[in-house]
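>>> please find the sequence and the predicted model below.
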Amino acid sequence: MSRLSAKTLNSIPAGVAVPNYDRSTLTPGIVHLGIGAFHRAHMAVYVDDLLKDHPDWAIVGASLRRPDTKDALEPQDGLYTIAVRDAQGTHPRVIGSILNVLDANTQREELLALMADPKIRIVSLTVTEKGYCHDPATGELDERHSDIAHDLANPTAPKSAPGMLVEALARRHAAGVPPFAVMSCDNLPSNGETVQRIVTRFASLRDVMLGDWVMQNVAFPGTMVDRIVPSTTDADRDTIAGLIGADDAWPIMTEPFTQWVIEDKFPQGRPPFETVGAQLVEDVEPFERMKLRMLNGSHSTIAYLGYLAGHEYVSQAIADPAFHKLIHGLMTEEAMPTLDMPGTDLGAYRDQLLARFANPALQHRTWQIAMDGSQKLPQRLLGTIRDRLAADQPFERLALGVAAWMRYVVGIDEKGENIDVRDPLAMRMMAIAAEAGDDAEALYVGLVALNEVFGTDLADNQAFGDAVVTHLEALFDDGVVETIKAVVG
Ligand code: CS2
């Protein structure tokens, strides 16, 4: 079978949508750092929808860590398939908005030169939470991070996302080119402001004047991004080859739902995202908070408990009535009261989330969501818990989510099998767990002392400690299934 590429595009069967524009007329307006599955299922699709009338907004992607996406897409001229999965089947479409992918490690100069080019007006990012090299509890740059130390010592040859952004901005500043807007599409709280704080701090550490210039001149629009995108498997590749009649080394499987809320702050212009379904708003924060606390808070809770209960996929966990009741309660009783969203029917939002989690065609691994918990917990569960504590309201289900994370990072499941815990703090957490053994209190005390996750306020909070330790003891003594049953009654 031939490979998907510009040459083979016209032999794709009718019925599979392909780019509705002439790719040879495209020019890049966006550089995207972190060209993973999420970007290709989300922003790249919105851009694909508008290139016909706005060909100067195509994307050049960059991989900062592994060149695997570049290796997959290069022989395909940047083309790839996205397949929407629902109960009716798998619906493929070929996306053409990514012109090419640069590997930041081997093509750093080329990438920085492009980022410094006036035709690039937006640099967007999906580098995951840990890619910002920050302290998740405070949202400040982690100045002791090894990549940050490297980039401060070698500012013109950076490897971190903040280092790349600042070097490109410094080059623009020196050349009198107005700055690009920096648009984070990651699940960070107040992602625009958070990235502004991190990038400005990094720039000031390089040079105080540069820091001031970044502070005064660079726009950091916030966004709320939403689409569930499981990792692609070999079976998915086979399915896609069957549907499009060509091999695609890296198709993306996703759900029908997609949402993008963007703060309208683009001094150098932007594509008309509102014409292709995005919501442009003045203040994105309430949307982000809703999504992080409702969707992602539930997701992480399902991931840890679900994995420990032997569920490979989110849909399997949520099909269990006890899980369903727990997550319904977590959202309704504990997350929704902390949100201020006039005009939004939060009950309908919750029901839609429960239905999305239940999509059996999606095959979203609990293990995938469980990754990088130390970077995710603060904005998904801990902020909500802080608000509940401040209002003197119960937070039992949220505390169970935190306890499940603590149980998970021990690295051994209920059958005694090893768990492949992926997390930047994995080594430290495993050491804490080894020390604690099966003593729930000791495990809690060790983990809660991770200030970059819990801050000092939660570590010192008796009510928080009591709630988490009680659940942790139940998880060790009775197992996940019984613990959930006890909570949902
Ligand atoms: C998930 C998210 O992997 C995870 O941590 O919770 O990637 C989630 O699927 C997206 O935020 C949905 O928009």
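Looks like it came in fine. Numbers count the residues shown, from 1 in each chain.
>>> show me what contacts Gly347?
Residues near Gly347 by CB atoms under 8 Å, 6 or more residues apart in numbering: 332, 336. (C-beta placed from N, C-alpha, C; glycine too.)
>>> residues from the protein in reach of the ligand?
With the criterion set to CB under 6 Å from any ligand atom, the chain comes near the ligand through 187, 226-228, 295-296, 299, 368-369, 376.
>>> out of these, which comes closest to Ser5?
Ser5 has its nearest neighbour among the residues of the chain next to the ligand in Arg227, at 25.8 Å by CB to CB.
>>> tell me the pLDDT of the closest one.
Arg227 is assigned a pLDDT of 98 by the prediction.
>>> give me the number of residues near Gly89?
Using other CB atoms under 10 Å, Gly89 is surrounded by 11 other residues.
>>> distance of it relative to Ile82?
Per CB to CB, to the nearest Å, Gly89 is found 14 Å from Ile82.
>>> then Thr126?
In this view, Thr126 and Ile82 are 15 Å apart by CB to CB.
>>> what of Asp478?
From Asp478 to Ile82 the distance is 43 Å (CB to CB).
>>> so which of the two has more stuff around it?
The neighbour comparison of Asp478 against Ile82 (other CB under 10 Å) goes to Ile82, with 24 against 13.
>>> how about the more buried one, secondary structure?
Here Ile82 takes the strand state, with states given by DSSP: H, G, I helix; E, B strand; the rest coil.
>>> contacts only, for it.
Neighbouring residues of Ile82 by CB under 8 Å, 6+ apart: 40-41, 45, 92-93, 95, 251-254.
>>> counting by contacts, list what the helix or strand where Gln216 lies packs against.
Element membership of Gln216 [criterion: DSSP states H and E] is helix 208-217. Helix 208-217 sits against helix 161-175, helix 191-206, with contacts defined as 3 or more CB pairs under 8 Å, 6 or more residues apart in numbering; DSSP states H and E.
>>> buried sites along it?
Neighbour-count burial for helix 208-217 flags 210-211, 213-214 (criterion: 16 or more other CB atoms under 10 Å).
>>> show residues contacting that helix.
With contacts defined as CB under 8 Å, 6+ apart, helix 208-217 is touched by 166, 169-170, 173, 178-179, 196, 199-201, 203-205.
>>> who wins on neighbours among those residues?
Val166 (30 neighbours).
>>> I'd say that residue and Val199 touch.
Yes. Taking contacts as CB atoms under 8 Å, Val166 lies within contact range of Val199: 6.1 Å.
>>> what's the following helix or strand after the helix or strand harbouring Arg388?
If you go by DSSP H and E, Arg388 is part of helix 383-390. As assigned by DSSP H and E, the chain's next helix or strand after helix 383-390 is helix 396-408.
>>> ok, now which ones touch Gly383?
Gly383 sits next to 189, 289, 292-293 when contact means CB under 8 Å, 6+ apart.
>>> now swap in Gly15 and tell me
For Gly15, the contact set (CB under 8 Å, 6+ apart) is empty.
>>> what's the answer for the one 5 residues further on, then?
With contacts taken as CB under 8 Å, 6+ apart, Asn20 has the following neighbours: Lys52.
>>> and the one 10 residues further on, by the same measure?
Shown here is Ile30, whose contacts under the criterion CB under 8 Å, 6+ apart are 47, 57-60, 120-124.
>>> of those residues, which is the most crowded?
When neighbours are taken as other CB under 10 Å, the top entry among those is Ile59 (27 neighbours).
>>> where does that residue fall, secondary structure wise?
Applying DSSP H and E as the criterion places Ile59 in strand 58-63.
>>> between helix 161-175 and that strand, find me the angle.
Angle of strand 58-63 versus helix 161-175, following axes from the mean of the first three to the mean of the last three CA atoms, to 10 degrees, is 130 degrees.
>>> so what strands line up beside strand 58-63?
Next to strand 58-63 in the sheet, as set by DSSP bridges, lie strand 28-33 (parallel), strand 98-103 (parallel).
>>> circling back to that earlier point, so how far is the helix holding Gln216 from its chain's centroid?
Remark: helix 208-217 is offset 28 Å from the chain centroid, using CA atoms, centre = their mean, to the nearest Å.
>>> continuing past that helix, what's the next helix or strand?
Moving toward the C-terminus from helix 208-217, the next helix or strand (DSSP H and E) is strand 223-226.
>>> next SSE downstream of that next one?
Going down the chain from strand 223-226, the next helix or strand is helix 234-244, by DSSP H and E.
>>> run through who's touching that following helix.
Helix 234-244 has contacts (CB under 8 Å, 6+ apart) with 1, 4, 12-13, 16, 81, 83, 90, 92, 94, 247-249, 251, 253.
>>> out of those residues, which is nearest to the ligand?
The closest of the contacts of helix 234-244 to the ligand turns out to be Met253 (CB to the nearest ligand atom; 12.4 Å).
>>> is it true that the closest one lies in a strand?
Yes. Per three-state DSSP, Met253 lies within a strand segment.
>>> does it touch Ile228 like I think?
No. Look at Met253 against Ile228 with CB under 8 Å: they stay out of range, at 9.8 Å.
>>> Lys325: how many residues sit nearby?
For Lys325, using other CB under 10 Å, the count is 16.
>>> ok, the closest residue to the ligand within the stretch 1-150 of the chain - contacts?
The ligand sits closest to Phe38 of the stretch 1-150 of the chain, with a gap of 6.7 Å, by CB to the nearest ligand atom. Applying CB under 8 Å, 6+ apart, we find Phe38 in contact with 126, 185, 225, 227, 229.
>>> ok, Thr106 - how many residues close by?
Neighbour tally, Thr106, other CB under 10 Å: 11.
>>> so it, which of the three states?
Secondary structure assignment for Thr106 (three-state DSSP): coil.
>>> quick check: phi and psi at the closest residue to it other than its chain neighbours.
Setting aside the residues directly before and after it, Thr106 is nearest to Pro67 in space (CB to CB, 6 or more residues apart in numbering), at 7.2 Å. Phi and psi for Pro67, reported as degrees, to the nearest 10, are phi -90, psi 20.
>>> what's the answer for the one 5 residues further on, then?
Main-chain dihedrals, Ala72, degrees, to the nearest 10: phi -80, psi -40.
>>> tally of neighbours for it?
16.
>>> that one contacts Ala249, correct?
Yes. Taking contacts as CB under 8 Å, Ala72 lies within contact range of Ala249: 3.9 Å.
>>> compute the number of surrounding residues for Ala168.
A count of nearby residues for Ala168, using other CB under 10 Å, gives 25.
>>> number of nearby residues for the residue of the stretch 351-489 of the chain found nearest the ligand?
The minimum distance from the stretch 351-489 of the chain to the ligand, using CB to the nearest ligand atom, falls at Ile369 (4.1 Å). Residues near Ile369, counting by other CB under 10 Å, number 22.
>>> that one: which element?
Using DSSP H and E, Ile369 falls in helix 366-370.
>>> for that helix, what is the distance to the chain centroid?
12 Å.
>>> surely Gln279 and Thr258 touch.
No. The criterion here is CB under 8 Å, and Gln279 misses it with Thr258 at 11.7 Å.
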